[in-house]
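Asks: sequence and computational prediction follow.
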Amino acid sequence: MGRCRRLVACLVVGCIALAAALPVWAAEPTLGQDLKDLPKYKFGESREHLTRISNAVRDAKGTERARLCAYLAAVLGSNATPDAKRFVCRQLSIVGTAKEVPALAPLLLDKELSDIARYALERTPEEAALKAMRDALGKADPGQKIGIVNSLGMREDKAAVGALLPLLKGTDVPIAMAAAGALGKIGGPEAVQALADVRGRADDKLKAVVTDAYLLCADRLLAQNKQADAAAIYQDMYKPTEAKHVQMAALRGIVAAGGEKTLPLLTELLTGHDAEMQAAALRFVREVAGPETTKALTGLLPKLPPATQALLLDDLATRGDASALPAVMAAAKSDNDDVKAAAVKAIGKIGDASTLPLLTALASAGGPLADQARASLDILPGAGVNEAMIGLAEQGNTNVRKEVIRSLGVRRVDKAVPVLLKAAGDADSGIRAESIKAIEIVADEKCAPDLVGLVVKAKDDADLAAAEKALSTLAGRAEKKDAVVTPILSALRSAPVNAKCALIRALGRAGGAKALGAVGKAVGDADEGIQDAAIRSLADWADAGAAPQLLNIAKTSPKTTHQVLALRGYIRIAGLQEVSAANKLQMYKAAMAAAKRPDEKKQVLGGLGDVKNVEALQMVAGSLDEAGLQNEAAVAAVNIAKNLGARGKDVIRAAMEKVLAVSKDKRIRKDATDLLQKAGGPKK
């Protein structure tokens, strides 16, 4: 009877506390009502009021947050539902302070709420939260105890070590495992000694957890620059009697703590017969810096089996120590293909100009190492490499010159341009081709006259195509367009027809008024090849300046091919970012009027789909009546409507109703239905 009276009294006190807290939010009646409803919440009911409370908790500051926390703490002491208390604990895990700890602490022993209360306390940064969890340890049941121990470990609570030691040495294995994990996170001399003692007598299940914790203690010591203390633990676990994965973990720690002092041990493992430990040693030796390590590894290299040599060569390359180069060069002469390949790859990272003869010979000879030799040539470091390659590009073996010229382009060696331009006129077609490709990569505006010369003086169609491509690339990327356009215009007057066509096409990549005047004039040339080149140039024009001429050609040209090219170019230009929305719409209208073929109309509709304009939607909707255009028109209509927002609801409604009447595409129909509803639904 007395217990019942006490319970009723507690409930009354809780209700009074809640009622006292609520007037704080009288100025915010919605939040006040939400808080008033909170204690009655049950899982499965609407969470709208919980979301508003969560937002208020998140946004509250200073005094307002303190009052909210006080109210939430009062809920925990009331007769609120367990689900309401779970919600409160989650909120306090975000904003709780020492003031809320007394309300959370009793819940650590609650069968339903222990975990969520512990979670809140674990995230409460004050010492009071830790003390509450330590105090609860002796009263908690086994499941609760494991959770509390885990939280104390997560908080790295050094004051808890004394309470955790008996649990580690106790008979309850799950609790002992939790204690071991916590002590590993907390660390310190007492934890280290206790873990070491228990390891010797623990069963396999507990020993695995204790071992991990013991290693974690060592890692913490290492992070604190206590190498000697850490090394003692690692050495204790580096024994043949330990599991292989434990030995590997210990070896990693030994190497990290000892640095170059561990080279004898690593050497022993690398030359040994234990494949797993050998692989581990190869991984860990990368972490040992210093010239002595490189010296030891290069001396060891020829003594190892081929597979291990190849792996060690990769390590030497990663270290980037050029002192290893002689050993790597020697390995490149190995009888084993894998060793040779690894050596050639390593040369690319630590080589210098002295390695060029080997790399160029391998690259030019073809075979399995050619690609790797090329890759190494392209990244070869070292002073004087570029200069040496320029020298090799000028004279010598033709195949070697090709490889060097190709690599000069990949390396973007602008100092090589004079040599490359000279090589572009070489008697060998392969040399010419590689040179022009390299020039395309490295040329700047100053090279424009030379590139124009390559176009005009091309020895064959292949050279002409390559030179045109290089000139067009330069015209497109040049910042000073006139520097490219001027030499092209000068050459147009006397260039042969095939070269003139190439120059005209290159002008399209440059754009601008000067180039446009010349290309526009070429449209009326008597030579059909020049006409065709001019129209293609306009169709690919770099800016919007060519639009009027393209539209005129699309309407008036007697050749279907030129009509199609011109209209496609016109539609492409309409989509350029520099064209305003209003001009885009007018251009698309003109294009639709000029279009004679379904594909052209589809291209117009595709462009219209990106125009955020009610008039564009009306225009697209008109195409929904044409059977061959319905799919493209529906896609465009939906895209436009999505971007209109609240504008033009009547137009959107009418367009979406038409889309639903003709489209069978599920995705389009779904989007159209959604847009129709947002526009007010079907017309009554």
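Replies: Cool, the structure landed.
Asks: ok, and what's touching stretch 320-336?
Replies: The contact list for stretch 320-336 (Cβ atoms under 8 Å, 6 or more residues apart in numbering) reads 291, 294-295, 297-299, 301-302, 306, 309-310, 313, 316-317, 339-340, 342-344, 346-347, 349-352, 355, 358, 382. All C-beta spots, glycine's among them, are computed from the backbone N, C-alpha and C.
Asks: and if you look at stretch 238-256?
Replies: 211, 215, 218-219, 222, 230-231, 233-235, 237, 262, 265-266, 269, 276-277, 280-281, 284-285, 287-288.
Asks: right, and R90 touches A120 too?
Replies: Yes - with contact defined as Cβ atoms under 8 Å, R90 counts as touching A120 (7.3 Å).
Asks: among these two, which residue is more densely surrounded?
Replies: Using other Cβ atoms under 10 Å as the criterion, R90 and A120 rank with A120 on top: 26 against 16.
Asks: state the pLDDT value of the more buried one.
Replies: On pLDDT, A120 comes in at 97.
Asks: check contacts around the residue lying closest to it once chain neighbours are set aside.
Replies: On the basis of Cβ to Cβ, 6 or more residues apart in numbering, the spatially nearest residue to A120 that is not a chain neighbour turns out to be S93, at 4.0 Å. Contacts for S93 (Cβ under 8 Å, 6+ apart) come out as Y119, A120, E122, R123, T124.
Asks: run the last query once more with 6 Å
Replies: Y119, A120, R123 (Cβ atoms under 6 Å, 6 or more residues apart in numbering).
Asks: list the buried residues in whichever strand or helix holds the second one.
Replies: Mapping A120 onto the secondary structure by DSSP states H and E places it in helix 114-122. Using 16 or more other Cβ atoms under 10 Å as the test for burial, helix 114-122 gives S114, D115, I116, A117, R118, Y119, A120, L121, E122.
Asks: just the closest of these to E600, please.
Replies: Taking Cβ to Cβ as the measure, E600 lies nearest Y119 of the buried residues of helix 114-122, at 64.4 Å.
Asks: return the distance of the nearest residue to that closest one once chain neighbours are set aside relative to G545.
Replies: On the basis of Cβ to Cβ, 6+ apart, the spatially nearest residue to Y119 that is not a chain neighbour turns out to be S93, at 5.6 Å. Applying Cβ to Cβ, to the nearest Å, the value for S93 to G545 is 63 Å.
Asks: show me this protein divided up by domain.
Replies: 225-287, 597-684 (automatic domain parsing).
Asks: for the ones you listed, which one sits closest to K469?
Replies: domain 597-684 (26.3 Å).
Asks: give me the mean pLDDT for the closest one.
Replies: According to the model, domain 597-684 has a mean pLDDT of 92.
Asks: quick revisit: could you dump the domains of the chain into a markdown table with distance to G517 and mean neighbour count added?
Replies: Shown next, in a markdown table, are those (distance: least, Cβ to Cβ, whole Å; neighbours: other Cβ atoms under 10 Å):
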| stretch | distance to G517 | mean neighbour count |
| --- | --- | --- |
| domain 225-287 | 63 | 17 |
| domain 597-684 | 27 | 18 |
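Asks: need the buried ones from the contacts of stretch 320-336 selected in ChimeraX.
Replies: ChimeraX command restricting these to the buried ones, with burial defined by 16+ other Cβ under 10 Å:
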select :294,297,298,301,306,309,310,313,316,317,339,340,342,343,344,346,347,349,350,351,352,355,358,382
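Asks: so which of the contacts of stretch 320-336 are in helices?
Replies: In helices, defined here by DSSP state H, the members of those are 291, 294-295, 297-299, 306, 309-310, 313, 316-317, 339-340, 342-344, 346-347, 349-350, 358.
Asks: quick one: the nearest residue to P598 once chain neighbours are set aside from T561, how far?
Replies: The shortest distance from P598 to any non-neighbouring residue, by Cβ to Cβ, 6+ apart, is to G628 (4.8 Å). Per Cβ to Cβ, G628 is found 22 Å from T561.
Asks: in stretch 76-90, what counts as buried?
Replies: 76-81, 83-90.
Asks: quick one: mean pLDDT over it.
Replies: Rounded mean pLDDT across stretch 76-90 is 95.
Asks: end to end on that stretch, go ahead and measure it.
Replies: 12 Å (Cα to Cα, to the nearest Å).
Asks: and the furthest pair within the buried residues of stretch 76-90?
Replies: Taking Cβ to Cβ, no two of the buried residues of stretch 76-90 sit farther apart than N79 and R90, at 19.6 Å.
Asks: and E468, how close does it get to L489?
Replies: 16 Å.
Asks: more crowded one of those two?
Replies: E468 (22 against 17).
Asks: number of residues surrounding the closest residue to that one other than its chain neighbours?
Replies: Leaving aside its sequence neighbours, E468 sits nearest to A502 (Cβ to Cβ, 6+ apart; 4.0 Å). For A502, the neighbour count with other Cβ under 10 Å is 24.
Asks: now A502: which helix or strand?
Replies: helix 497-510.
Asks: which other helices and strands contact that helix?
Replies: Judged by 3 or more Cβ pairs under 6 Å, 6 or more residues apart in numbering; DSSP states H and E, helix 497-510 is in contact with helix 448-456, helix 461-477, helix 481-492, helix 513-522, helix 528-539.
Asks: isn't G187 up against A218?
Replies: No - counting by Cβ atoms under 6 Å, G187 stays clear of A218, with 9.2 Å between them.
Asks: those two - which one has more neighbours?
Replies: Higher neighbour count among G187 and A218: A218, with 29 against 22, using other Cβ under 10 Å.
Asks: surely the more buried one touches A230?
Replies: Yes - judged on Cβ under 6 Å, A218 makes contact with A230 at a distance of 4.6 Å.
Asks: for N552, phi and psi?
Replies: With angles defined as degrees, to the nearest 10, N552 sits at phi -60, psi -40.
Asks: list the contacts of it.
Replies: N552 touches nothing, counting by Cβ under 6 Å, 6+ apart.
Asks: who's the closest spatial neighbour of K40, skipping the chain neighbours?
Replies: T81 is the one closest to K40 (Cβ to Cβ, 6+ apart), at 6.5 Å.
Asks: thinking again about what came up before, list the buried residues of the helix holding A502.
Replies: 498-510.
Asks: now swap in stretch 451-464 and tell me
Replies: Buried-residue list, stretch 451-464, by 16+ other Cβ under 10 Å: L451, V452, G453, L454, V455, V456, A458, D463, L464.
Asks: tell me how far the ends of that stretch are from each other?
Replies: Termini of stretch 451-464 sit 11 Å apart (Cα to Cα).
Asks: remind me which residues of the chain are low pLDDT?
Replies: 1-29, 684 (pLDDT under 70).
Asks: give me the distance between L206 and M177.
Replies: 6 Å.
Asks: roughly how far apart are the closest residue to G170 other than its chain neighbours and A182?
Replies: Leaving aside its sequence neighbours, G170 sits nearest to A176 (Cβ to Cβ, 6+ apart; 5.8 Å). Counting by Cβ to Cβ, the separation of A176 from A182 is 11 Å.
Asks: for D532, same thing?
Replies: Taking Cβ to Cβ, one finds D532 at 81 Å from A182.
Asks: what about those two, which has more around it?
Replies: The neighbour count for D532 versus A182, taken as other Cβ under 10 Å, is higher for A182 (28 against 20).
Asks: how close does the more buried one get to A280?
Replies: 29 Å.
Asks: equivalent analysis for D321, please.
Replies: For D321, the distance to A280 - Cβ to Cβ - is 22 Å.
Asks: same deal with A499?
Replies: 65 Å.
Asks: and if you look at T298?
Replies: T298 is 21 Å from A280, by Cβ to Cβ.
Asks: and for N552?
Replies: 75 Å.
Asks: same thing with K469?
Replies: In terms of Cβ to Cβ, K469 sits 52 Å off from A280.
Asks: can you map out the strands along the stretch 1-150 of the chain?
Replies: Counting by DSSP state E, counting those that start in this stretch, the stretch 1-150 of the chain forms no strands at all.
Asks: isn't I186 up against E156?
Replies: Yes - I186 lies in contact with E156 (Cβ under 6 Å); the separation is 5.1 Å.
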